[in-house]
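Student: Okay, structure incoming, though there's no sequence with it:
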């Protein structure tokens, strides 16, 4: 469950009225898409957003009024070029936001989505890059699993609380997840093991699943020399040459990343780019 949905559920379960502001339409280069939500709870606590920072201050004032009166409002904002550039856009747009008070009660269906599955990120191998990437799972809106056959490297204190830690050979874990139907075209696999005995069987399996449409991204952390070695080994073990074109390696967008944190960001960016092009 996302942080917004979790906070909304907590207010709902506690029976505390709150305000839900939802983007219902956009035009131009609006910072956030239709369906984006900003919650304003008791004490004017704010969770989520509707514009990336351009209009949240005004929405908060509208929410304060709606929380007091109970009367829903629909507000329209034109995001100018200067504000758009402040949140990384090249031009402005229009945002229409519906603002309503929510009064929890047994006769109403909760507005939050409690059971919508998040797209998955499976990280093979536990190292500092894996830790940094796993900790980006929340901002990416992904459910993270870190799998490594070496239990000593999977210390819970290193990872975000939400990350699932699995002690197993990564290819064996991925095979079990495929058999159970828990992979789909939105699933991303980042191979960070940097060890041929883990890399090769996992890549052979992951690339086949990717070709069949049940993975959306497969990336391998490797130097160019290591990549040549892995490609040769995969071909030698019978992986069809055309499957190698599905592999992102060296992993991550080429942004000159240095250190685990920046490398993790480059990987996350490449996963996003792949998901948008699908």
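Tutor: In hand now; what should we look at? This is a predicted model, so every value here is computed, not measured.
Student: What helices and strands are in contact with whichever helix in the chain runs longest?
Tutor: Longest among the helix segments of the chain by residue count, using DSSP state H, is helix 259-277. Secondary-structure packing of helix 259-277 (3 or more CB pairs under 8 Å, 6 or more residues apart in numbering; DSSP states H and E): helix 128-134, helix 137-140, strand 188-191, strand 217-220. For glycine as for every other residue, the C-beta is placed from the backbone atoms N, C-alpha and C.
Student: Let me know which of the ones you listed is tucked in deepest.
Tutor: A comparison of the helices and strands packed on helix 259-277 by mean neighbour count, using mean count of other CB atoms under 10 Å, puts strand 188-191 on top with a mean of 27.
Student: Give me the buried stretch members for the helix or strand just after it, please.
Tutor: Downstream of strand 188-191, the first helix or strand assigned by DSSP states H and E is helix 196-211. By neighbour count on 16 or more other CB atoms under 10 Å, the buried set for helix 196-211 is 198-210.
Student: any idea how far residue 77 is from residue 53?
Tutor: Residue 77 sits 12 Å away from residue 53, going by CB to CB, to the nearest Å.
Student: should've said residue 121
Tutor: Separation of residue 121 from residue 53 (CB to CB): 26 Å.
Student: quick revisit: looking at residue 77 and residue 53 now, which is surrounded by more residues?
Tutor: residue 77 (21 against 13; other CB atoms under 10 Å).
Student: Which residues does the more buried one form beta bridges with?
Tutor: residue 95 (DSSP bridges).
Student: quick one, what contacts it?
Tutor: Residues near residue 77 by CB atoms under 8 Å, 6 or more residues apart in numbering: 51, 54-55, 58, 94-97.
Student: Could I get these in JSON lines, plus columns for pLDDT, distance to residue 180 and neighbour count?
Tutor: Shown next, in JSON lines, are the contacts of residue 77 (pLDDT from 0 to 100; distance: CB to CB, whole Å; neighbours: other CB atoms under 10 Å):
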{"residue": "51", "pLDDT": "82", "distance to residue 180": "40", "neighbour count": "25"}
{"residue": "54", "pLDDT": "76", "distance to residue 180": "43", "neighbour count": "26"}
{"residue": "55", "pLDDT": "86", "distance to residue 180": "44", "neighbour count": "22"}
{"residue": "58", "pLDDT": "91", "distance to residue 180": "47", "neighbour count": "13"}
{"residue": "94", "pLDDT": "82", "distance to residue 180": "44", "neighbour count": "14"}
{"residue": "95", "pLDDT": "86", "distance to residue 180": "41", "neighbour count": "27"}
{"residue": "96", "pLDDT": "90", "distance to residue 180": "42", "neighbour count": "17"}
{"residue": "97", "pLDDT": "93", "distance to residue 180": "40", "neighbour count": "25"}
